[in-house]
Structures are given as structure tokens and as C-alpha cells.
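In: Coordinates only, no sequence provided:
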Ligand code: FES
């Protein structure tokens, strides 16, 4: 049975905890929902503290540690320090009004530095 990450589609951004204690950021976008690990791929900082704080008025996800910015639609790093890569996508599927985990996110996040 797949883990339910959200039992509603009525959100802009929210964070769900996985069984392995990693977290997933869920974002509503124009054509559905995107899911990324709640880790910055630059150096592993937590992006969102569960309060939507990483989604700023410019519509981008921001990392507070070194300022990387990511597109919610595809997770690409649109600005940031050298070596910044795209967010790690998490496979999901929508069933009714629920968002379910559809597989393991890969690769696992690096430990924060
Ligand atoms: S850890 Fe996020 S920009 Fe460096």
C-alpha cells in the first residue's frame, strides 16, 4: 500500500514525512502537483520548515543557506552557487483528492554540511 503524502489537493505548498524520516515538499502547480525531497541539492540544507517558508513571492523555491532558487514546475536550479543542481524529484500519483508516494526518491539526499 502506498504512503499517503496528502489527503487533500487544497494546498499551495506542504511538507510530508516519509517512513525513512526524509521529507517531501508538495507543490501545487498549474497542471497538477510536484514533489521534491526537502533538501537543497547544493549542500543538503532543509528547504522548508513545514510552513511554506521556502516558496517566496517570486514564485520560486528558495534555499535560505546559500540562496539557491528553484523552479516549482521542474525543480531546476535557476540561480544559486556553483554546483547547484535540480531538486530531487519524488515519484507521486494522484488518486481522488489524495497524493500518494509512487516509488522511492533517488538518489538519497546528502547529509547537510
Ligand atoms: S545548501 Fe542550499 S544553496 Fe547551499
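Out: Cool, got the structure. All values derive from a computational prediction rather than experimental measurement. Residues are numbered from 1 along each chain as shown.
In: Would you mind naming what in this protein lies close to the ligand?
Out: 40, 42-43, 45, 63, 65-68, 80-81 (Cβ under 6 Å from any ligand atom). C-beta here means a position set from N, CA and C on the backbone, and glycine is covered the same way.
In: neighbour-wise, which of these leads?
Out: Comparing those by number of neighbours (other Cβ atoms under 10 Å), residue 40 comes first, having 29 neighbours.
In: Surely that one and residue 61 touch.
Out: No - applying Cβ atoms under 8 Å, one finds residue 40 not in contact with residue 61, separated by 9.1 Å.
In: Need the residues touching each of those two.
Out: Common contact partners of residue 40 and residue 61 (Cβ atoms under 8 Å, 6 or more residues apart in numbering): 47, 87.
In: Let me know the distance separating the nearest residue to residue 71 once chain neighbours are set aside from the ligand.
Out: Once flanking residues are discounted, residue 71 sits nearest to residue 78: 5.6 Å by Cβ to Cβ, 6 or more residues apart in numbering. With the distance defined as Cβ to the nearest ligand atom, to the nearest Å, residue 78 ends up 12 Å from the ligand.
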